[in-house]
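Colleague: I would like the atomic coordinates for the input below:
(2 chains)
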Number of protein chains: 2
Amino acid sequence: MDVDALRRRAAADLAACGIVVTPDDEAAIEVTDLGLGAFEREGLTLLTYVNNDRYCAKELLLLPGQSCPQHRHPPVGASPGKQETFRCRRGEVFLHLDGAPTPSPVAAPPAESCEWYTVRHEIRLRPGEQHTIPPDTWHWFQAGPAGAIVSEFSSTSTDEADVFADPRVRRVASEP
Amino acid sequence: MDVDALRRRAAADLAACGIVVTPDDEAAIEVTDLGLGAFEREGLTLLTYVNNDRYCAKELLLLPGQSCPQHRHPPVGASPGKQETFRCRRGEVFLHLDGAPTPSPVAAPPAESCEWYTVRHEIRLRPGEQHTIPPDTWHWFQAGPAGAIVSEFSSTSTDEADVFADPRVRRVASEP
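Modeller: Model (predicted):
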């Protein structure tokens, strides 16, 4: 992955969405393929505004059709686990949660990893739409054909505690 | 105050900033003059995306030169008080906190209420700049000449617990 190029692209996409990104922000953009080596298929780009012991706020960017693999945020210490609210800014995102399987979902799990994508209740978020994901519940999400920018408001992020269904996933940030 | 007109203006300002606002969002926009009867001088317009028992996220809108009066977020139950991060999206905002008085501040408290604006450490936030305000500390803020849109990421909002320096303030939302 050409991480610098992906950061520049993300900064440009945020700017096109009206979000002012400083040079420091751009340098801090996180690009991850989750250790799967197929970034365009499964990966995520993140700009974290703030993450402290009380709350967290980020922008998530997804390429067209890109998926973030199924995971959950388990309890950490006294916390019941990270709770998060996704609000779609641009494009569309298909969020998948535990619950009644959606009869004709729009999004399909990546074929190479589909055994690790098991929750099938699909929620479509278009710009201005939002949904809150309870702590410690399985979820995965995939952008529509134009990609997506999603604001995430949440309790504290503790990425290292996240549990992914796919045992091959390594939740490590890209090196600069 | 023509609250509906102010809501429409706020929704248009958010849209111009690239923020998609649904009809439900627009109807939920809060417009308050804080009971002071001089909205253009002292007042605030807010769109709250989410406020639960763990975190909160809002957009704050200020008219040109409009001030939000000095207040603090005291402890509530087990919480040390609301902590908040302001990130400027558009225009500029002058945030004032306890600390060494800024020698030549840009913003001046409204003359009619200046006795209740006592903290004088000024932090200027332009688009892409942000600052975190600790719990239970006095602060007030004022927009620059073009107004401001500011994203606020925070712990839970409990507006009814807020303490304002000016005893005339009533932190009540406008009626629809």
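
Colleague: longest strand anywhere in chain A?
Modeller: Criterion DSSP state E: the longest strand present in chain A is strand A:139-154.

Colleague: so it, near chain B or not?
Modeller: Yes - for strand A:139-154 and chain B, the contact criterion (CB under 8 Å from any CB of the partner chain) is met by A:S151, A:F153, A:S154. (Each C-beta comes from the backbone N, C-alpha and C, glycine too.)

Colleague: each with direction, which strands does that strand pair with?
Modeller: With DSSP bridges as the test, strand A:139-154 is paired with strand A:56-62 (antiparallel), strand A:67-72 (antiparallel), strand A:84-97 (antiparallel).

Colleague: and that strand, which residues are buried?
Modeller: Buried residues in strand A:139-154, counted by 16 or more other CB atoms under 10 Å in any protein chain shown: A:139-144, A:147-154.

Colleague: list the contacts for A:K58?
Modeller: Applying CB atoms under 8 Å, 6 or more residues apart in numbering or on different chains, one finds that A:K58 lies in contact with A:L46, A:L47, A:T48, A:Y49, A:N51, A:S151, A:E152, A:S154, A:S157.

Colleague: distance to B:V20 and pLDDT for these - can I get that in TSV?
Modeller: As requested, the contacts of A:K58 are exported to TSV (distance: CB to CB, whole Å; pLDDT from 0 to 100):
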residue	distance to B:V20	pLDDT
A:L46	20	97
A:L47	18	98
A:T48	22	98
A:Y49	19	98
A:N51	25	98
A:S151	11	98
A:E152	16	98
A:S154	20	98
A:S157	25	96
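
Colleague: mind putting these into a markdown table with distance to B:P105?
Modeller: Below are these laid out as a markdown table (distance: CB to CB, whole Å):
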| residue | distance to B:P105 |
| --- | --- |
| A:L46 | 36 |
| A:L47 | 31 |
| A:T48 | 31 |
| A:Y49 | 26 |
| A:N51 | 31 |
| A:S151 | 32 |
| A:E152 | 35 |
| A:S154 | 35 |
| A:S157 | 35 |
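
Colleague: ok, back up a step: out of the buried residues of strand A:139-154, the closest to chain B would be?
Modeller: Nearest to chain B among those, counting by CB to the nearest CB, is A:F153 at 3.8 Å.

Colleague: I'd guessed A:N52 sits against B:Q83; true?
Modeller: Yes - between A:N52 and B:Q83 there is a contact at 7.3 Å, judged by CB atoms under 8 Å.

Colleague: more crowded one of the two?
Modeller: Set A:N52 next to B:Q83 and count neighbours by other CB atoms under 10 Å in any protein chain shown: B:Q83 wins out with 22 against 13.

Colleague: quick check, pLDDT for that one.
Modeller: With respect to pLDDT, B:Q83 has a value of 98.

Colleague: just to revisit the earlier point, okay, and the common contacts of A:N52 and B:Q83?
Modeller: B:T132.

Colleague: in chain A, which residue sits furthest out from the middle?
Modeller: Ranked by distance from the centre of chain A (CA atoms, centre = their mean), the top residue is A:A78, with 24.4 Å.
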